[in-house]
Every structure is written in C-alpha cells, then in structure tokens.
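Undergrad: coordinates only, sequence not included:
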C-alpha cells in the first residue's frame, strides 16, 4: 500500500486496538513493515518480468508483464501452516440456478 509513515502508524495502531491481545501482531511501526516488505522476496517465489512488444499507433509498445509459476506459488501457500487449514481438500458440488 502506498501509505505515508503517519498513515501506516495509524493503521497499525488501529489493528492493535482491534486485536486487543487475542493474537500476536509484530508490526508496530512503519519501519517494521518496511523491513518485512524488503524481506518478503526471499521468503516466497519471486515474480519474473517478461517484456511483450505490441504494435500500437504506428510504433512498438513494450509492456512489462510479471508472472509467477503457478505450481511454485501453490507450493508456497501449502508451506504456510497458518493457511493450510483453510484450504478445501475435498471435492464439492457447485449448484447453480438460472432464474430465467
């Protein structure tokens, strides 16, 4: 998020007021969040940059596209013990009703 230091500190203060000791939150300042953002790329599969050239108005336009291998991303999620219990592992029917 593009928050200023003042806004980030207020945001974290709000989170701390909501949590009220029921869970552990380690971010307390803008510096804590900044350090976490800088550390994040080493913890997960990084995005790969691809440049795609397209013809546009009598010229070429280079577009930066970022992607991540789907399998690696899924494995990153499965290695997170906090997330694993929330995945649906059993097949499930999806029922749809068309009113028209």
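TA: Received, thanks. None of these values were measured; they are calculated from a predicted model. Numbers count the residues shown, from 1 in each chain.
Undergrad: use CA for all of it now, contacts and neighbours both
TA: OK.
Undergrad: need the three-state assignment for residue 42.
TA: Recorded secondary structure, residue 42: helix (DSSP: H, G, I helix; E, B strand; the rest coil).
Undergrad: that one: neighbour count?
TA: Counted by other CA atoms under 10 Å, the residues lying close to residue 42 total 9.
Undergrad: how much space between it and residue 36?
TA: Using CA to CA, to the nearest Å, residue 42 is found at 10 Å from residue 36.
Undergrad: show me the shaky parts of the chain.
TA: Residues of the chain that meet the criterion pLDDT under 70 lie in 1, 22-25.
Undergrad: if you set the cut-off to 90 instead, what comes out?
TA: Within the chain, the segments meeting pLDDT under 90 span 1-4, 10-28, 37, 39-47, 73, 80-100.
Undergrad: please, where are all the strands along it?
TA: 48-55, 60-67 (DSSP state E).
Undergrad: TSV for these, including distance to residue 84?
TA: Formatted as TSV, the strands of the chain follow (distance: least, CA to CA, whole Å):
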stretch	distance to residue 84
strand 48-55	25
strand 60-67	23
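Undergrad: among the ones you listed, which is nearest residue 10?
TA: Residue 10 lies closest to strand 60-67 among those, at 31.5 Å (CA to CA).
Undergrad: who's in contact with the closest one?
TA: Strand 60-67 has contacts (CA atoms under 8 Å, 6 or more residues apart in numbering) with 47-55.
Undergrad: and what of stretch 82-100?
TA: Residues from elsewhere that reach stretch 82-100, judged by CA under 8 Å, 6+ apart: 77-78.
Undergrad: 6 Å instead, please
TA: residue 78 (CA atoms under 6 Å, 6 or more residues apart in numbering).
Undergrad: how far does it stretch from one end to the other?
TA: One end of stretch 82-100 sits 42 Å from the other (CA to CA).
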